[in-house]
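*Asks:* dropping a prediction and its sequence here:
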Amino acid sequence: MTSTNAINAFAEQHSFDAGALQVEELDGIRCAVDCHNAINNGYASLPSDVLEQDMAVGLIWPLYERCTERVYGALVAMTTSCAASSEVLARATIEATVIFRYILGDCNGRLASFFQDHLDQAERQEKQWRREAEQLRELERTEHLAACDYRRQGIAAIKEFVELINSQLVPSGSIPAWPNIALRFQAVGDRIAYRTSYARLCAEPHLDAEETLRYFIGKVMGPELLEAMAVETIMFSRFLLADAVRAYAEAGKEFASSYGMSSAMRTCVAAQELMHRHSINLSNHIGAHPSAEFREDSSQD
């Protein structure tokens, strides 16, 4: 499928006009679709002994698909003029790809840790819910406790499945602890991204005060500044989207590298480099000024 056909097919599937998009968004769609198709084709071509003997590979692939859902959502939100929603989904994409890359570093142990952490959190949340429900009035207490019982049954079913999977992934039974998000970023070599773009992305779903303050500052200072701030806001959203697609391509590259999918790896490397260049170019419009050394490194990608 050519680049134009891939973009048009994506636009038709998600009901938007591709003709109105900027080059960064067009390239973002093409790169995301190309990476997804390349990884799927590579996965389908893996030798049967890998698919039969490596238990982790069958669990890794669905995690990559979840990353795909998030980056596609971020792209669609931007193309349909929902920039704030695109930022939320860009954050979800970047976090998902960091988790994915972290797990790839030690598939069996970290997958077991990933599943065990979910189970531990689910059990803790149900207990906390039950404690709160016990303090309610009789009718509400009865309804909530019945819901707690239903949730507990679901967790019990999940626990049985997790214990079965983890016994195969880590026969020794020694499952490593699941680290917090900052340590996951650090483990994949993106510690500074956690303190910069990811930190800013986290503010969007939490409805922080920055955009409200910027609006009133712009109104007070006059229409020219307000217009400049509005442009910077949308350019920042586009920058974050480009970086999310770059992160998605990087996750695909590491997946391909881990399982010897050479063609998929070339596709993902090319996509990562292109979206990195777009991120650098967009950064010039949001008050970010990369150092001369960083620019030189980028120009050599």
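*Replies:* Sure, I can see it.
*Asks:* let me know how buried the closest residue in space to residue 103 that isn't next to it in sequence is, in neighbour terms.
*Replies:* Leaving aside its sequence neighbours, residue 103 sits nearest to residue 110 (Cβ to Cβ, 6 or more residues apart in numbering; 4.5 Å). For glycine as for every other residue, the C-beta is placed from the backbone atoms N, C-alpha and C. Counted by other Cβ atoms under 10 Å, the residues lying close to residue 110 total 23.
*Asks:* likewise the one 4 residues further on?
*Replies:* The tally of other residues near residue 114 (other Cβ under 10 Å) stands at 20.
*Asks:* I'd say it and residue 103 touch.
*Replies:* Yes: using Cβ atoms under 8 Å as the test, residue 114 is close enough to residue 103 to be in contact (6.1 Å).
*Asks:* on that earlier part again, relative to residue 220, how far out is the residue nearest to residue 103?
*Replies:* With distances defined as Cβ to Cβ, to the nearest Å, the gap from residue 110 to residue 220 amounts to 50 Å.
*Asks:* so which residues of the chain form helices?
*Replies:* Assignment of helices within the chain using DSSP state H yields the ranges 3-14, 23-44, 48-53, 55-79, 83-104, 107-133, 138-169, 181-187, 191-195, 197-203, 210-221, 223-258, 262-283, 292-299.
*Asks:* return the most buried member of these.
*Replies:* helix 83-104 (a mean of 23; mean count of other Cβ atoms under 10 Å).
*Asks:* now that helix: average pLDDT?
*Replies:* When pLDDT is averaged along helix 83-104, the result is 94.
*Asks:* can you list the weak-confidence ranges in the protein?
*Replies:* By pLDDT under 70, the low-scoring segments of the chain are 1-2, 204-205, 287-301.
*Asks:* kindly recompute the last result at 80.
*Replies:* Under the criterion of pLDDT under 80, the regions of the chain flagged as low confidence span 1-4, 173, 197, 200-216, 218-219, 225-231, 285-301.
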